[in-house]
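Trainee: Build the 3D model from these lines:
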Amino acid sequence: MSTTSIRSWRAVLSDPDRYGAALADRNRALNAFLEIDAKRRPAASPAGAGEAAGAGEAAGPGEAAGPGEAAVPIAVKDNIAVRGYQLTCASRMLENFVCPYDATIVSRLIAAGYQPVGKTNLDEFGMGSSTDNSAGGPTSNPWDTDRVAGGSSGGSAAAVAAGMVPVALGTDTGGSVRQPAAFCGVYGLKPTYGALSRYGLVAYASSLEVAGILADSVDLISDVYTAAAGIDAMDQTSTWTASPPSSETRTVAFLSGDLGLDQRTTAGYARMRDAVASRGYAHTDVELSTSDYAVPAYYTIATAEASANLARFNGVRYGERPLYAENPESLVRAARSAGFGSEVKLRILLGTYVLRSGFQEQYYQRAQKIRTAIRNEFDSLFATYDLLVLPVFPTAAFRHGADELDAFQQKVADKFTTLANLAALPALSIPTGVFDGLPVGIQVMGPPHSEARLIEFARVIATELPFERPPGYEPLSTLPPSGSEVA
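Mentor: Numbers count the residues shown, from 1 in each chain. Next up, the predicted model:
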């Protein structure tokens, strides 16, 4: 992103009342934000909190905001901790919980010159592919408000696409950054597992989920990732490498076979192939023998971990407590019955089932063996090729409700995105254009810690596939001067 663009985004926060009113006005049609507060200046984090180790020098939007200087606005998905904001996970269970601390990635970005201006909508606890499963109501796609923004980071994707913020944080457990990024036509990075600290993320499936970044430019993806990445003493799963893979790309593989894509996505995939050829990359087709097993393995592992992680939300330790209960058992039952939505209850039940005595070997342990096989196949693939290009989702954004894709079909459609989470690999969704009124994103995957390679590849491809914004949604950084009427 250009220095001029950064200056214009800083300028909107120099008049937070006006910017906040513009955010609220645009949010009425989309419901991208659950909470907006453009006036709240971030509180200083405790000394040493979230200090990066191994990440190198942090890079922010040009330079950190100085005393009294406006920062660059950023939106944060409402399952990531931001001090003083609510942390609801779009669930009635946490509807009145106010967070007392910042996630490590949030504190690092504040130090790099970004300012959270609101919490974005999501599928409850990150469980869904549409952001329709939210206690705060569904989020609509800026390209067509009759269609979903994707999920579970749909609020973050819609906010970026609609020009409300230039960049937003999300989380990706099985595609929850890349799929909404593809549906809304923005860039979406799912980093290597552990590259971004998970401290301050509300846990859903701990071995799969990562914090991710959605932005309207490749440069902002790079800036935010560099500022936030690094070892964190508060997160034992955080990782770093002093010798990451080269950022150079020479050979690109395309996933082939019966992919089951709709016409729009087929056209987007073909356009990405043309762009790769146009830029002179050597490319070939490959098939993955383990890809058919990704979805069942993913949902077995994810629901098992969810059933354990969400046990804390019982009305005693966390969560809304009923006014009256005859005994502790009835209190927990009443709290969870009223607090959790149907999709969350379903996944807790599935997870509890696969972890039952006598079933672990049949389901959970078998899923872990499949996960190992998937990782081994990717190790072999990236020994030959620098990057793998594959679809994000078989279709473009579908309509609200279950008329086009029901809940089961949405889960099956995660067959492309869950691969990166099971293998702990980085992946980046790149917008390829607009087809019959809807954007299509295609993802690129690389070996562990190859984020620089993905970003440089996206930067090159962007010269062939320029970013497009939905009609009527010019960035709020172009607000007319104070005293003029806000459109």
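
Trainee: Report the beta-bridge partner residues of Pro439.
Mentor: Going by DSSP bridges, Pro439 is paired in beta bridges with Val434.

Trainee: That one - how many residues pack around it?
Mentor: 27 (other C-beta atoms under 10 Å). No exception for glycine: its C-beta is placed from N, CA and C like everyone else's.

Trainee: any weak-confidence spans in the chain?
Mentor: For the chain, applying pLDDT under 70 flags the ranges 1-4, 43-69, 481-487.

Trainee: quick one: the helices in it?
Mentor: 3-13, 16-30, 104-111, 154-161, 178-184, 218-228, 263-278, 294-309, 328-339, 342-354, 364-382, 407-412, 418-423, 451-461 (DSSP state H).

Trainee: packing partners for the fifth one?
Mentor: In this case it means helix 178-184. helix 154-161, strand 187-190, strand 210-215, strand 427-435, strand 438-445 (3 or more C-beta pairs under 8 Å, 6 or more residues apart in numbering; DSSP states H and E).

Trainee: hey, which of the ones you listed is tucked in deepest?
Mentor: Among the helices and strands packed on helix 178-184, helix 154-161 has the highest mean neighbour count (mean count of other C-beta atoms under 10 Å), at a mean of 36.

Trainee: can I get the CA coordinates of that helix in PDB?
Mentor: Coordinates of each C-alpha in helix 154-161 appear next as PDB, following Å, rounded to 0.1, in the frame of the first residue of the first chain:
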ATOM      1  CA  GLY A 154     -17.000 -13.000   7.400                       C
ATOM      2  CA  GLY A 155     -17.200  -9.700   9.300                       C
ATOM      3  CA  SER A 156     -13.500  -9.000   8.800                       C
ATOM      4  CA  ALA A 157     -13.700  -9.800   5.100                       C
ATOM      5  CA  ALA A 158     -16.800  -7.700   4.500                       C
ATOM      6  CA  ALA A 159     -15.300  -4.800   6.400                       C
ATOM      7  CA  VAL A 160     -12.200  -4.800   4.200                       C
ATOM      8  CA  ALA A 161     -14.100  -5.300   1.000                       C
END
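
Trainee: Tell me what angle it forms with strand 210-215.
Mentor: 30 degrees (axes from the mean of the first three to the mean of the last three C-alpha atoms, to 10 degrees).

Trainee: quick one, which of the helices of the chain is nearest to Gly200?
Mentor: Taking C-beta to C-beta, helix 104-111 is the member of those nearest to Gly200, at 5.9 Å.

Trainee: Which neighbouring elements make contact with the closest one?
Mentor: strand 167-172, helix 218-228.

Trainee: who does the first one touch, helix- and strand-wise?
Mentor: Same thing as strand 167-172. Against strand 167-172 (3+ C-beta pairs under 8 Å, 6+ apart) you get strand 72-77, helix 104-111, strand 114-120, helix 154-161, strand 187-190, strand 210-215, helix 218-228.

Trainee: Redo the ones you listed as a markdown table? Include distance to Gly437.
Mentor: Formatted as a markdown table, those follow (distance: least, C-beta to C-beta, whole Å):
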| stretch | distance to Gly437 |
| --- | --- |
| strand 72-77 | 25 |
| helix 104-111 | 34 |
| strand 114-120 | 24 |
| helix 154-161 | 14 |
| strand 187-190 | 20 |
| strand 210-215 | 21 |
| helix 218-228 | 24 |
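
Trainee: Out of the ones you listed, flag the one nearest Leu259.
Mentor: strand 187-190 (19.7 Å).
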